[in-house]
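# Here is my input, please return the structure:
(chains A and B)
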Amino acid sequence: MQRDLVLRAQTGDHDAYNALVLAAVDRLHRTARLILRDQERASDAVQDALIAAWRDIRAVRDPDRFDAWLHRLLVNACFRAANRERRRSVVEVQVAEIDVPMPRSDHDDLLVRDELERAFRRLTTEQRAVLVLHHYLDLPDAAAAETLGVPVGTFKSRLHRATAALRSALEADARIPTLATESLA
Amino acid sequence: MTAPFDLDRALGQWMEADALPPAPPGLVARVAAVTAAERPRPSWLARSRHARIWAGPSAMLRPTGAGASGHRARLALIVVLAALFAALLGGTLLIGGKLIDELEDPPAPVTFSGPYAMPVPPAKAVQAGDGSVFVFGAEASNGGATHYPEQVLRLDLERNELTPIGTTPGTVVSAIALRSGDVLVVLPSGPAQPRQQTANGSNSPSVGILRPATGEFVVAGQTTSSPLWGAPVQLAGDDPRVLFVGGGADSTAAELFDPRTNAFAPISPTRGLMRQPRAVRLGDGSVLVVGEWNRTPERFDPATETWSQTAPMAASRHGFSVVGLADGRVLVVGGLVVQGETDQDGHGEPGAGPSTVAETAEVYDPATDTWTTVGPLVHPRWMHAAQALDDGSVLLAGGTGSADDWSDGGQVDPRILEAERFDPGTNTFLPAGSLALPRLNPSVVGLANGEALVLGSLRPRLLGPEASVTYERYGTIPLPPASVEPQMRLDPVPVELRGRWEVEARGGLGFGTPSRKILTMTIFEGRVIMAVSGRPDLLLSGNAGVDPATGRLVVVADGSEVGGSLSLDGAPLEPCSRGDVGRYAWDLGSGTLVLRGDERDACGSRPALLEGGWVRSATGESLGGPAIVETINPPLAIDLPPRGWLPSDPPVRGAEPVRGEV
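Next comes the predicted model:
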């Protein structure tokens, strides 16, 4: 089905492309939001990626690999968005309020997630991208490496470094009070 | 939080939960609004935008898909240049393996590179199933009854080396890669070419099979009917048979060749004449055949082995190309279009009326049996080459836009250096770079990596001999310079010869071939190619260098003469009947022609001197009967200053020739 849509889109069939967009946009947006940690910039990155994908959809040699290609565009768009963010240096971070009583186990889970959230923000965009490709998109190493445009070995080392960095950030965060405003990497 | 802690599991769960919010509804609408107003870019432009540059400890260029291989040094240079370009754009660079910037649109131009010299004029080229590229040398002749085996060369694209692997018993007129991995070639025959007779003495065209793995070439079978000059097509699916159609001026013959039995079997003839037809396999397994000067193509149904006529085209054409498109349609492009009346079958004749070069193409949709006129072409052209690329576009290269190019006396439209590509998505033609040399009826081969080679040319008298013995590559990465093992070292050599010299011979200068005159001597990339009598049928090739002491040009032939019954003073050099009389050192700078044969000389090695118009061995033995005294107009030296560029300088393409005099 998707293959057919890609082939049709490559001939200029805009309806086919819209169908591809609808099928992919939620996943792409969630991925971008994880990498960028910002709703609006994630939307911008997804929009940039999807427009670029339409313009260059004929670059796709194998329609079955459209998703992988789209991920690559998205990651690049996220990097560009991060560069724009970097120039702003500091952004406001929305912190979810936790005021609803909940069972102990759920509360523990939420604490873990909150710690992960804050530690994740301490990583660079590249490190976040590596972790997202591996843990959220669940891409095999080879596919993730291709998405980033690096050799598999390079991806593995980056994944190792990113995981180590996250672990360090978690440990450091346990010693520092949570900040409401953080500097992005 | 400290370990023990299953970070991977927690991270995965957190991401799933954290990323739950869907995309905002306005996002899809914004994307739809923007994309609705645009069309996708042509595929080659789109792909060039998606090559990405990463620089790090192991710098390398990573184009998307095609053309990832190439010469390391050249790649490194490209990377450096592209990285500088990226820096200028404020793009992204990786340093030490760390991404600090990203280049979205690096320059990865798909264009022509070359020309690259070849030892023989190519007749056809094909890429076999294992990726090997084979070049079949053109017929070699001295104009008489003697012919010489045509070379088959394997082209190493990584090293840009052509290695002879054997010969074929005739000039290959068609070559296709079979699904088995072998290469099927078609060899013509006729009374004028008796040596092309097969074992049983028949003059029927024959086919041969080249096995890439071993380099073995075998004559596999003969047709049973009149000459079949049309391009063969292997049938679809599990049917390995190859369809041959038509050929001569009055041919409606068709046959099927079965590679399993090496046998031809006649089938029902086509309904109309199929002169020099082009054929492509359609998606349903049928074969579309388009003949010259015939508006009504025909479809062959392999299941019933019958023919049916398609809807007529808008015009009958000559010198056109037919290419199957990835979407199932068929492109008929270029050619001469006859003006005036055609017969009831839509046949025109070259002399029936003035012909014009087609400005448009036609696309056949097998599903609806309809022809649609598309275009215009960037440059109307015929006698060109067309090749489908793996992105679905079609490359058009070479040819001419002048309708009066029937003979060597015609004029070549200089604009025809520009190539173009057909975009099947938009049915439009767009410029696609420029060849370095004009080429008429060049051979073309599509490579598995999506690139293409354009080889050789007809009409060397009109276009100059260099086009006939060179090829150019269409792709993202230029080939390395041709690897030529020097036969004579000139240390130090301060310059590389790049450019073109033309040496006009006066009188009967023949370099041991009194019946011929060397009219041109062309140098590419340190390789010299001499065309005798302005024809490609006797080409002498070798290496050239500049003697730093004298500044004179020194030519070293390597014995790769193509054809020509090399003789000395009129006496054939038997048994040197293979066009190879060994290696020579021709010192044109000293005023003395010195031939230094080596152990590879089929006629025996002997140093020779050219004295007073005589060629004789250094020991005083005459090399050939002195029936005809060669006339050499002194001075023999080619008094040309070294012209070239330091190795670091870019090559200059299309340099104007500098005329010298012998």
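# Double-check A:Phe79 against A:Ala129; I have them as touching.
Yes. Assessed by C-beta atoms under 8 Å, A:Phe79 is found in contact with A:Ala129 at 7.5 Å. (Each C-beta comes from the backbone N, C-alpha and C, glycine too.)
# Between these two, tell me which one has more neighbours.
A:Ala129 (28 against 22; other C-beta atoms under 10 Å in any protein chain shown).
# Surely the more buried one touches A:Ile35?
Yes. Checked against C-beta under 8 Å, the pair A:Ala129 and A:Ile35 is within contact range at 5.0 Å.
# what residues are shared contacts of those two?
Residues touching both A:Ala129 and A:Ile35 (C-beta atoms under 8 Å, 6 or more residues apart in numbering or on different chains) are A:75, A:78.
# Please name the residues that touch A:Leu36.
A:Leu36 makes contacts with A:42, A:45, A:78, A:81-82, A:85, A:125, A:128, as judged by C-beta under 8 Å, 6+ apart.
# Flag the shaky bits of the stretch 151-300 of chain B, pLDDT-wise.
Applying pLDDT under 70 to the stretch 151-300 of chain B flags residues B:167, B:169-170, B:188-205, B:224-230, B:247-250.
# quick one: secondary structure of whichever residue of it sits closest to chain A?
Residue nearest to chain A within the stretch 151-300 of chain B: B:Gly283 (13.3 Å; C-beta to the nearest C-beta). What DSSP: H, G, I helix; E, B strand; the rest coil gives for B:Gly283 is coil.
# Give me the nearest residue to it, chain neighbours excluded.
Nearest non-adjacent residue to B:Gly283, counting by C-beta to C-beta, 6 or more residues apart in numbering or on different chains: B:Gly328, 4.3 Å away.
# how about that neighbour, secondary structure?
coil.
# One more: B:Ala23?
coil.
# So what does it have for phi and psi?
phi -70, psi 140 (degrees, to the nearest 10).
# tell me the pLDDT at it?
You'll see B:Ala23 listed with a pLDDT of 79.
# How much space separates it from A:Ile57?
Distance of B:Ala23 to A:Ile57, given as C-beta to C-beta, to the nearest Å: 20 Å.
# B:Ser443 now?
B:Ser443 sits 33 Å away from A:Ile57, going by C-beta to C-beta.
# For B:Phe429, give the beta-bridge partners.
Beta bridges link B:Phe429 to B:Phe422, judged by DSSP bridges.
# Give me the buried positions along the helix or strand hosting B:Phe300.
Using DSSP states H and E, B:Phe300 maps to strand B:298-301. Within strand B:298-301, the residues that count as buried by 16 or more other C-beta atoms under 10 Å in any protein chain shown are B:298-300.
# Show me which residues of whichever helix or strand comes after it are buried.
Moving toward the C-terminus from strand B:298-301, the next helix or strand (DSSP H and E) is strand B:306-309. Residues of strand B:306-309 classed as buried: B:Trp307 (neighbour count, 16+ other C-beta under 10 Å).
# same thing with stretch A:20-36?
Neighbour count says stretch A:20-36 has A:20-21, A:24-36 buried, by 16+ other C-beta under 10 Å.
# Just the CA trace of it, in CSV.
Presented in CSV, the C-alpha positions along stretch A:20-36 are these (Å, rounded to 0.1, in the frame of the first residue of the first chain):
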residue,chain,number,x,y,z
LEU,A,20,1.6,9.2,3.2
VAL,A,21,1.7,12.4,5.3
LEU,A,22,-1.4,11.4,7.3
ALA,A,23,0.1,8.0,8.0
ALA,A,24,3.4,9.3,9.1
VAL,A,25,2.8,12.6,10.7
ASP,A,26,2.1,11.5,14.2
ARG,A,27,5.1,9.3,14.4
LEU,A,28,7.3,12.0,12.9
HIS,A,29,6.0,14.6,15.3
ARG,A,30,6.6,12.4,18.3
THR,A,31,10.1,11.7,17.1
ALA,A,32,10.8,15.3,16.6
ARG,A,33,9.4,16.3,19.9
LEU,A,34,11.6,13.7,21.7
ILE,A,35,14.7,15.0,19.9
LEU,A,36,13.9,18.7,20.2
